[in-house]
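Colleague: Sequence and predicted model, in that order:
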Amino acid sequence: MKTRSLDMSKKSTEGFYPKGAVTDPENPEWTDEDIKNALPWEAMSDLEKSVFKRPRGRPVLETPKKLISLRLDADVWEALEASGPGWRARANAILKAALKP
């Protein structure tokens, strides 16, 4: 497969971005008074901190999936894959059903 590279020398961003300082009415620049009245992190309540401190990534699952390597007969794998999107979840459901007494 041939990869394409982006040649920025042929494209100009001039006129795309505004020149000079950009103001954001929803996030105005802090004044000296704002800075003086700001609370330090340690003085904020847990509720106030929760607004700013968000966990990164996906939420931790109670029962996470386990990545494994499994050898299947070719015809079994082809039939599962041919069943369309979600075939891995269906394979998981088939294995779970087979484990029930």
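Modeller: In hand now; what should we look at? Keep in mind that this is a model prediction, so the values were computed, not measured.
Colleague: for the record, mean pLDDT for the longest helix anywhere in the chain?
Modeller: Of all segments of type helix in the chain, defined using DSSP state H, the longest is helix 87-99. Helix 87-99 shows a mean pLDDT of 94.
Colleague: Give me the residues contacting it.
Modeller: Contacting residues not belonging to helix 87-99 are listed as 80, 81, 83 [Cβ atoms under 8 Å, 6 or more residues apart in numbering]. Glycine gets a C-beta too; all of them are placed from N, C-alpha and C.
Colleague: what about the residue most central in space within the chain, helix or strand, and which?
Modeller: In the chain, the residue lying closest to the centroid (Cα atoms, centre = their mean) is residue 57, at 6.0 Å. Residue 57 belongs to no helix or strand when assigned by DSSP states H and E.
Colleague: From the chain's centroid, how far away is the lowest-mean-pLDDT helix or strand in the chain?
Modeller: Of all helical and strand segments in the chain, the minimum by mean pLDDT, DSSP states H and E falls on helix 46-52, at a mean of 84. Helix 46-52 sits 21 Å away from the centroid of its parent chain (Cα atoms, centre = their mean, to the nearest Å).
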